[in-house]
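Chemist: Could you work out the structure for the sequence below:
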Amino acid sequence: MIDYRIHALDGEIGHVEDFVFEDSSWAIRYLIIDTRNWWPGKKVLVSPEWIHNISWERSMVEVDLHRDTIKQAPEYDPYTPISREYETLLFDHYRREAYWKAEHPEMISTG
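Modeler: Now for the predicted structure:
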């Protein structure tokens, strides 16, 4: 899927540059999206859970997000380790439930 074009609900946003794996489980946690063809110089992370469709014949990944939401997403810096604080910011921005809460319901705060 490297170099596959990424399409949001309302148009193209860039391409898959790479993946972020979780060290302990080898789970793919994020696709690194390079938006330089659409929004110069910015890389963002998108969870594979937000993929709506993959077209192998058209080399395209469709995500269940709008371009503006991705445009305003926290920028990914490949030289900075991904912290839980950054992930929380990311999931809050996309208004999605964090994967670690779904995997470990005991971590959900009740107030």
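Chemist: the bottom helix or strand of this protein by mean pLDDT?
Modeler: Lowest by mean pLDDT, DSSP states H and E among the helices and strands of the chain is helix 99-103, with a mean of 77.
Chemist: Just the CA coordinates for that one, please, in PDB.
Modeler: Extracted C-alpha coordinates of helix 99-103, given in PDB (Å, rounded to 0.1, in the frame of the first residue of the first chain):
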ATOM      1  CA  TYR A  99      -7.900   2.000  20.400                       C
ATOM      2  CA  TRP A 100      -6.300   1.500  23.900                       C
ATOM      3  CA  LYS A 101      -9.700   2.200  25.500                       C
ATOM      4  CA  ALA A 102     -11.400  -0.500  23.400                       C
ATOM      5  CA  GLU A 103      -8.600  -3.000  24.100                       C
END
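Chemist: which parts of that helix are buried?
Modeler: Buried residues in helix 99-103, counted by 16 or more other CB atoms under 10 Å: residue 99. No exception for glycine: its C-beta is placed from N, CA and C like everyone else's.
Chemist: And that helix, what does it pack against?
Modeler: Contact analysis of helix 99-103 by 3 or more CB pairs under 8 Å, 6 or more residues apart in numbering; DSSP states H and E lists no helix or strand as a packing neighbour.
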